[in-house]
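Engineer: Show me how the following folds:
(chains A and B)
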Amino acid sequence: MEKKLTLEEAMDELAELVRQMEDEQLPLETSLALFEKGIKLSRYCRKCLDEAEKKIKTLSANKDGQPLITDLDHE
Amino acid sequence: MPDDLFSSLFPDSVIPDLQEEACNGSSVEPCGRVIWSVSSLLASVQDRLEFHFDLLWVEGEVSNLRSPGSGHLYFTLKDDSSQIRAVMFKSQAGRLPFALEDGQHLLCLGRVNIYRNRGDLQLVVDAAEPAGEGALRLAFEQLKERLAREGLFEKSSKKELPAFPSRIFLITSPTGAALHDFVKTARMRYKGVEIIICPVKVQGDEAADEIIKGLALAEHAAGLGDVIVIARGGGSLEDLWPFNDESLARAIFACKIPVVSAIGHEVDFTIADFVADARAATPTAAAQLVVPDVSAYEERVRLLESRLADVLRQNIREKSQRVHFLEARLKEPRWILAEHRLMVDEFQNRLAQLVEGKRAHFLNQLASLGIRLASCDPLKYLSGLGARLELLEQSLHTSVERIVESKQTRLSGLAGRLHSLSPLSVLSRGYSLVYSAKTGRIVTNAKDVGIGDKLKVRLARGCLECKVESVRKGEE
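Structural biologist: Sure thing, here's the model as predicted:
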C-alpha cells in the first residue's frame, strides 16, 4: 500500500472490493488479483487491530512551555 | 444570641456591664434612676451591637426592594415571622454578580447597626448571594444563558470525533477515579490507541486555570485524528465548579482538536459539557464514545475476509462448471446431430402439413371445376346446336319455298309485262333495229355512221348486213 491508510479507509476499501467481486462477473484473473489485494487489506486491518498495546504517557510542559510527552513510569 | 453561646464563641470577651456603661452617656438621678438620652441610648445599643455582632451572615427573603438615584439598594430581609431593613451601598451593590429581586432567598454578609435618625435597626450588607446552592446555580444559569446567546453551544460549531483516534489526550486528575475508569474501559476496547494523560487539578480555585493550561498544551501537542477528553469523577456542585468557568468554556470552544467532556455523573451538567464537541455522562462513557470497540471491527474484518474467500471460490466454481459443461458438449456431437435431426423432422412435418393443405385446396378447386365442367358438356351443346340447326333448316326451307313462290309469282307478272314491252313485238309491227357492226351499238344518229361502214339490221324475223352508201345528216 502506497500511502498509509487509516483502519477505516482500509476496511471501507476491503468492503468495496468484496462487493465488487460479489456483484460483477469478473474474469478469473481479475478476481484473483482483487482477492490478493483484499487479503493484503485485511491483513493490514488485522495488523492495525492487533497493534501492540500502546503505553500510557503523560503530557507536561518543558521549561520553554512546549509540550513534552513522556512514558508514565508507574502503572 | 444567648450569652452562654456567645461566650463559647468568644471566650476572651467580657460581657460589659450595662449599668456601668449607661453612666457614660446618661445621668443618674439622686433617687437612683438612670436616665438615658435617646442619642446615648442608641449610641450605646450601637456599641453593643457592634461588639456582639461583628460581620455576620443573615439569611432571608428580599422584599420592598428599592433603588433610588443614589445607586444604593434598600430592601427588607424577612423570614416567616420577622423582618429587618437592609441597605447595600452603591460600591458593594456594583460587585454583585447577579441582580437582586423581590422574593429572592438571599444570604447577606453584613453588619447590624442602628439608623440613628429613625432609631431603626438595619443590616448594612457588604455582599450577598442567593441562599443555599442557589448562588452557584444562579451564576451557572446566567453564564449558560450568556454563552448560549453567544453561540458557544451551537451544534453547527461542534467538531466531529475521529472514528479511530490515533491519540487521546486525557485531561484529568492523575489520582482520580476518572482516570482509572477511562483507561480501564479504553484498554478493554482497544489497546492500540495511545492515551496521553495531562495531569491537572480538577477541584479548587486553581483547577479551572490548570485545566485551561492543560487544554492549551494538549491542543499544541495534538494533531489531526487526535481527540481531547476532559474528565472528572462525580462530586457536589461546588466540586464541579471549575468546569463552569467561563474562560475554560471559551478555551474549549476555541480548541481546534475535538474535545469530549466527561464530568461527574449522568445527572451532572457543567458549562464545559455544553460547549464540548461531545458530552459523555461519565469517564467510562467517554472511553466508550472515543475508543472504538475493536472486537466489532475484528468481526467485520473476519466477515469481509471470509466473503472475500467465498466469492473467489464461487467464481472458480462457476468457471469450472462452465468448462465442464462446455467439455460435455464438445464430446457429444451426436447431440447436435440429434438436435438437427429433430429440426429436420419438424420441418418435414410442417412441410407435409403444408403439402396436405395445398392438396386439399386443389382437390376442392378441382371438384368445383368438375362441376362447372360438367355443366359445359359439348355433347349437350352439340345436341342443342343440332336441334337449333334443324329448326333453322326448317325455317330456311319454308322461307326458301316462300321466296321461290313469291319470285315465281313476280316473275310471271314481270314476264307478262316484259312480253308486252319486248322490242321484238315492235319489230313485228314493221320496225327494225340498226346496229353498228363495228361497236355493236344501236345507231340512232346518222352522224355516227360513215360511208362504207357496215351496219346490221334486225328485223322481226332475221337480220340484214348492209353497207352505207350515203349519209344525210339533219332531221330528214
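
Engineer: what stretches of the chain score poorly on pLDDT?
Structural biologist: Answering for chain A, as no chain was given. In the predicted model of chain A, residues A:1-3, A:52, A:73-75 satisfy pLDDT under 70.

Engineer: You answered for a different chain; I wanted chain B.
Structural biologist: Ranges of chain B meeting pLDDT under 70: B:1-26, B:132-135, B:331-332, B:423, B:475-476.

Engineer: what about the nearest residue to residue B:163 once chain neighbours are set aside, is that helix, strand or coil?
Structural biologist: Sequence neighbours aside, residue A:8 is the residue nearest to residue B:163 in space, at 5.2 Å (criterion: C-beta to C-beta, 6 or more residues apart in numbering or on different chains). (Glycine included, C-beta is placed from N, CA and C.) Here residue A:8 is recorded as helix under DSSP: H, G, I helix; E, B strand; the rest coil.

Engineer: residues near residue A:8, how many?
Structural biologist: For residue A:8, the count of nearby residues is 15 (other C-beta atoms under 10 Å in any protein chain shown).

Engineer: Am I right that it is in contact with residue B:164?
Structural biologist: Yes - the pair residue A:8 and residue B:164 passes the contact test of C-beta atoms under 8 Å, sitting 5.6 Å apart.

Engineer: Residue B:107 and residue B:128 touch, don't they?
Structural biologist: Yes - between residue B:107 and residue B:128 there is a contact at 6.6 Å, judged by C-beta under 8 Å.

Engineer: Looking at those two, which one has more neighbours?
Structural biologist: residue B:128 (28 against 16).

Engineer: Doesn't that one lie inside a strand?
Structural biologist: Yes - if the criterion is three-state DSSP, then residue B:128 is within a strand.

Engineer: Just the element for the closest residue to it other than its chain neighbours, please.
Structural biologist: Of all residues not flanking residue B:128 in the chain, residue B:108 sits nearest, at 4.6 Å (C-beta to C-beta, 6+ apart). Applying DSSP states H and E as the criterion places residue B:108 in strand B:105-115.

Engineer: ok, now which ones touch the residue nearest to residue B:128?
Structural biologist: By C-beta atoms under 8 Å, 6 or more residues apart in numbering or on different chains, residue B:108 lies in contact with B:57, B:58, B:59, B:60, B:77, B:86, B:123, B:125, B:127, B:128.

Engineer: I figured the first one hits residue B:107, correct?
Structural biologist: Yes - judged on C-beta under 8 Å, residue B:57 makes contact with residue B:107 at a distance of 5.9 Å.

Engineer: tell me the two of the contacts of residue B:108 that are most distant?
Structural biologist: Farthest-apart pair in the contacts of residue B:108 is B:60 and B:127; separation 14.7 Å (C-beta to C-beta).

Engineer: neighbour-wise, which of the two wins?
Structural biologist: Using other C-beta under 10 Å, the more surrounded residue of residue B:60 and residue B:127 is residue B:60, with 22 against 15.

Engineer: Dihedrals phi and psi, that one?
Structural biologist: Taking degrees, to the nearest 10, you get phi -180, psi 180 for the backbone angles of residue B:60.

Engineer: What segments of chain B are helices?
Structural biologist: B:3-9, B:18-22, B:38-52, B:90-93, B:134-150, B:177-189, B:207-221, B:246-254, B:271-275, B:283-290, B:294-331, B:333-374, B:378-421, B:423-427 (DSSP state H).
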